[in-house]
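Got a predicted structure here, sequence first:
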Amino acid sequence: MSEDGLPPLRDVIAAHELRAKKALGQNFLLDLNLTRRIARSAGSLEDHEIVEVGPGPGGLTRALLMEGAKRVIAIERDRRCIEALQEIEKAYPGRLTIVEGDALEVDMAALVSGPARIVANLPYNVATVLLVGWLQSEPWPPWFDSLTLMFQKEVAERITAAPGAKSYGRLAVLAGWRTHAEKLFDVDRAAFTPPPKVTSSIVHLVPRNEPLAPANPKTLEKVVAAAFNQRRKMIRASLKTLGLDTGALIAEAGLNPQERAERLTIEEFCALARTFDAMKGA
Ligand code: SAM
């Protein structure tokens, strides 16, 4: 038995025949000391409902409950994991809600009834789509107080990069615009069953009360995607795909047409987004 009175995760996986499926991004964490460290890095749990995406056999779910989470709402797509999760539900009456479904389609805001945090060891194939969706939540500040998420290390670096850095791009702009994003620690590939190809990292994001500068989230994403689509080019060339007078757009936004996307600050991207909307509306 483990400290929480439940069987070790290795036994749970064997009992429920949870052979990892690559298509579902399944790399499981079996060390409760590690999952408890991840749970603790989310901040206070006692007064929060935790939305967990992809609980799998429940390593992080159990850690969140052991660390005192008021309630965990776990969204899992793989039916095989549901029975294993129901055993955890029995051990923590009223504190675990299992939602069988695709996290990309679930209305997570509707599942919580008070202060909430998102904590997840994400399936790598949908991780950035989920993050961008959370970052585009409306209204802002959003329904969650923080996001504590596992990504491939290289993606974690792209989320937390500063302007001018090699990894600075769409994810850094979208994350930095509305949150304070910080890479907390790396997790070696050997900690997972089966081990993925690369190192992973935990990223903690806390929503800003006010975004760094005003902009429509969808427009900002569009402008940033165009600018970084050809990141080595000057913005007067890369922004042409936006389909309006690029020279006027850049001049109105007060920017240098010879600048490259990787050197623009988040505030400058917001100026481009606002100018784009103003020109479209004109
Ligand atoms: N949390 C577990 C852990 O740390 O050991 C499992 C993490 S594993 C990287 C990702 C989990 O997400 C798997 O259990 C997988 O079945 C689930 N998953 C994959 N795609 C999903 C989706 N679209 N919606 C909900 N869960 C998904």
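That came through, no problem. Numbers count the residues shown, from 1 in each chain.

from the stretch 151-282 of the chain, which residue is nearest to the ligand?
residue 192 (7.5 Å; C-beta to the nearest ligand atom). Every residue, glycine included, has its C-beta placed from N, CA and C.

and the residue lying closest to that residue once chain neighbours are set aside, what does it touch?
Nearest non-adjacent residue to residue 192, counting by C-beta to C-beta, 6 or more residues apart in numbering: residue 27, 4.0 Å away. Contacts for residue 27 (C-beta atoms under 8 Å, 6 or more residues apart in numbering) come out as 20, 121, 124, 192-196.

Identify, from the residues you listed, the entry nearest to residue 239.
For the contacts of residue 27, the minimum distance to residue 239 (C-beta to C-beta) is 30.6 Å, reached by residue 124.

The residue lying closest to that closest one once chain neighbours are set aside and residue 77, how far apart?
With sequence-adjacent residues excluded and distances taken as C-beta to C-beta, 6+ apart, residue 124 is closest to residue 25, at 4.7 Å. From residue 25 across to residue 77, the span is 10 Å (C-beta to C-beta, to the nearest Å).

before we move on, what about residue 177?
29 Å.

Make sure the residue of the stretch 151-282 of the chain closest to the ligand is actually in contact with residue 26.
No. Residue 192 lies out of contact with residue 26 (C-beta atoms under 8 Å); the separation is 9.4 Å.

and the protein, which residues reach the ligand?
24-29, 53-56, 59-60, 75-78, 81, 102-104, 121, 123, 126 (C-beta under 6 Å from any ligand atom).

Quick one: distance of stretch 54-70 to the chain centre.
18 Å (C-alpha atoms, centre = their mean, to the nearest Å).

swap that for stretch 244-259, please
That offset, for stretch 244-259, works out to 32 Å (C-alpha atoms, centre = their mean).

Please apply the same query to stretch 50-60.
Distance, centroid of stretch 50-60 to centroid of chain: 14 Å (C-alpha atoms, centre = their mean).

Pick out the residue in the stretch 51-200 of the chain sitting closest to the ligand.
Counting by C-beta to the nearest ligand atom, the stretch 51-200 of the chain gets nearest to the ligand through residue 54 (2.2 Å).

What are the neighbouring residues in contact with the residue nearest to residue 124?
54, 122-127.

Residue 96 too?
Here residue 96 is in contact with 61, 65, 71-72, 74, 85, 88-89 (C-beta under 8 Å, 6+ apart).

do residue 275 as well
By C-beta under 8 Å, 6+ apart, the residues touching residue 275 are 249, 252-253.

just residue 143 next, same as before
Per C-beta under 8 Å, 6+ apart, neighbours of residue 143: 108-109, 112, 116, 137.
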